[in-house]
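Trainee: A structural model of the following input is requested.
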Amino acid sequence: MDNQFLSQEEIDALLKGTVGESQESESQGSAEVLTAEEKDALGEVGNISMGSAATSLSQLVGRKVTITSPRVEVSNEKEFFANFLEPYMVIEVEFTEGLTGKNILIIKEHEVGVIANLMMGGDGTQTGEITELEQSAAREAMNQMIASSATALSEIFKRKINISPPKSQMVNSRERDIYEPFGGKEIVVIYFKMQIEDLIDTEIMQIMEPATAKEVAKMLLDKLYGGMEPEPTVEYRESVKESKERVEGKDKHGNEEYLNLPSDEKLELILDIPLKVEVVLGRTRRPIKEILSLGPGAIIDLDRLLDEDVEVLVNGTLVARGEIVVVGENFGVRINQILSPRERLSKI
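Mentor: Numbering: from 1, shown residues only. From the prediction side, this is the model:
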């Protein structure tokens, strides 16, 4: 009889083994939703598309905005939204052409208030509950950001990408509001670090379904590899790492260099991406009542001297300074100074 029954210790051991195998299986299943190459590709696409979104937001709030350092994770939708301890605003669009699925942008309540305050001529101070007017201002900013992001995707992939009119809402997690746009399934979350000068230093989140994320990643990888899978994986990841180091002004040994971009064919896509170049003659800040009183003949004083160089910005980042010249019937800029990689990084 003793041989026909298991001891309690043996039962416990079997149960632990079963649970361990189940957890390992779930972990492996989650990890296989996106490959390492697909996560890298999503990060690169996010860097470019959110860089465009940052430029749009910067123009709206009149402050320097940077959105960088994408981090890609696969999460359970219910668990992800359950972790929010404060209200947040979501902007949701559906791809109607060029891609399939939804694209969702999430910003927390405090940041929503700061952005709205800046758009309404304030100094970025956010106190108390956000009013309907402030929510409306913030919605417009996020609408512009997600539209700029879609435009950037069109430029990256050289194909038409259209989105539906944005839907927005404030979700109050304190009152247990439920927001599950994907029905509780697994989601891909791309976290970005967003800074607005010394006012905001936070994370914003972009969310999509795994199928949409894979579609975006495949479009980039197909462009890089002509439809072939990257091989080998280690070489690909080292190449991406080395490329980032070189762009930051360092070679693979950690030595500083001016801007020695690698000639690897994998970077040809990046070299073809159009960047927005702006020339800033000067800046100033004025109260709303003064802006509303402007009319023909009004003069606005700027913060730049007559003989001072203008700034040349690429995707919102200062890269050079120069002087205004006339080229035929157009204005142009003669470059007098190129910022070094170290100086450029200090502006990011």
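Trainee: count of neighbours near the nearest residue to residue 301 once chain neighbours are set aside?
Mentor: Nearest residue to residue 301 in three dimensions, chain neighbours excluded: residue 284, at 6.3 Å (Cβ to Cβ, 6 or more residues apart in numbering). For glycine as for every other residue, the C-beta is placed from the backbone atoms N, C-alpha and C. Per other Cβ atoms under 10 Å, the neighbour tally for residue 284 reads 10.
Trainee: isn't residue 284 right up against residue 300?
Mentor: Yes: in this structure residue 284 lies within contact range of residue 300 using Cβ atoms under 8 Å: 6.3 Å.
Trainee: low-confidence bits of the stretch 51-200 of the chain, can you list those?
Mentor: Applying pLDDT under 70 to the stretch 51-200 of the chain flags no residue at all.
Trainee: and the strands in it?
Mentor: For the stretch 51-200 of the chain, the strands defined by DSSP state E, counting those that start in this stretch occupy 65-76, 88-97, 102-108, 162-163, 167-171, 186-196, 200-208.
Trainee: please identify the most buried of those.
Mentor: strand 102-108 (a mean of 22; mean count of other Cβ atoms under 10 Å).
Trainee: just checking, what packs against that one?
Mentor: Secondary-structure packing of strand 102-108 (3 or more Cβ pairs under 8 Å, 6 or more residues apart in numbering; DSSP states H and E): strand 88-97, helix 132-157, strand 200-208.
Trainee: residue 33 is nearest to which of the ones you listed?
Mentor: strand 200-208 (11.9 Å; Cβ to Cβ).
Trainee: tell me what angle that closest one forms with strand 102-108.
Mentor: Interaxial angle, strand 200-208 versus strand 102-108 (axes from the mean of the first three to the mean of the last three Cα atoms, to 10 degrees): 160 degrees.
Trainee: name every strand pairing with strand 200-208 and say which way it goes.
Mentor: strand 102-108 (antiparallel), strand 186-196 (antiparallel) (DSSP bridges).
Trainee: point out the other helices and strands that whatever helix or strand residue 219 lives in packs with.
Mentor: Assigned by DSSP states H and E, residue 219 falls within helix 210-225. For helix 210-225, the packing partners by 3+ Cβ pairs under 8 Å, 6+ apart come out as helix 36-61, helix 132-157, strand 186-196, helix 268-272.
Trainee: relative to residue 291, which of these is closest?
Mentor: Once the helices and strands packed on helix 210-225 are compared by Cβ to Cβ, helix 36-61 is nearest, at 13.9 Å.
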